[in-house]
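Enquirer: One predicted model, sequence on top.
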Amino acid sequence: MLEHQEYHDGLNMLVKDVNAEIDGRDLMEYIEEELEVEGFKDISFNIGDGHWITVHKKR
């Protein structure tokens, strides 16, 4: 992640490539699993220009 902005029920993230893999997992899959461990649910994604991801989440 190059930069991010947090807000009430979401997070905007600037990444090098939205199609990247982390530890052999798709980036969105990795983010979703990590947020679920932190107690978030109803996680969804909006992808911008290939570098911006908006993550919507609820506790």
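Expert: The structure has been received and is ready for your questions.
Enquirer: could you pull out the strands for the protein?
Expert: 3-7, 10-14, 21-22, 25-26, 41-47, 52-58 (DSSP state E).
Enquirer: Distance to residue 34, mean neighbour count and mean pLDDT for those strands - can I get that in a markdown table?
Expert: For glycine as for every other residue, the C-beta is placed from the backbone atoms N, C-alpha and C. Converted to a markdown table, these look like this (distance: least, Cβ to Cβ, whole Å; neighbours: other Cβ atoms under 10 Å; pLDDT from 0 to 100):
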| stretch | distance to residue 34 | mean neighbour count | mean pLDDT |
| --- | --- | --- | --- |
| strand 3-7 | 13 | 10 | 92 |
| strand 10-14 | 12 | 16 | 93 |
| strand 21-22 | 9 | 11 | 94 |
| strand 25-26 | 10 | 13 | 95 |
| strand 41-47 | 10 | 12 | 95 |
| strand 52-58 | 11 | 16 | 94 |
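Enquirer: of all those strands, which lies closest to residue 32?
Expert: strand 41-47 (5.0 Å; Cβ to Cβ).
Enquirer: How far off centre is that closest one?
Expert: Strand 41-47 has its C-alpha centroid displaced from the chain centroid by 7 Å (Cα atoms, centre = their mean, to the nearest Å).
Enquirer: Pull the contacting residues for the closest residue to residue 1 other than its chain neighbours.
Expert: The spatially closest residue to residue 1, leaving aside those adjacent along the chain, is residue 13, at 5.2 Å (Cβ to Cβ, 6 or more residues apart in numbering). By Cβ atoms under 8 Å, 6 or more residues apart in numbering, residue 13 lies in contact with 1, 3-4, 52-55.
Enquirer: ok, back up a step: what would the strands of the chain look like in JSON lines with distance to residue 33?
Expert: Below are the strands of the chain laid out as JSON lines (distance: least, Cβ to Cβ, whole Å):
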{"stretch": "strand 3-7", "distance to residue 33": "18"}
{"stretch": "strand 10-14", "distance to residue 33": "15"}
{"stretch": "strand 21-22", "distance to residue 33": "10"}
{"stretch": "strand 25-26", "distance to residue 33": "8"}
{"stretch": "strand 41-47", "distance to residue 33": "9"}
{"stretch": "strand 52-58", "distance to residue 33": "12"}
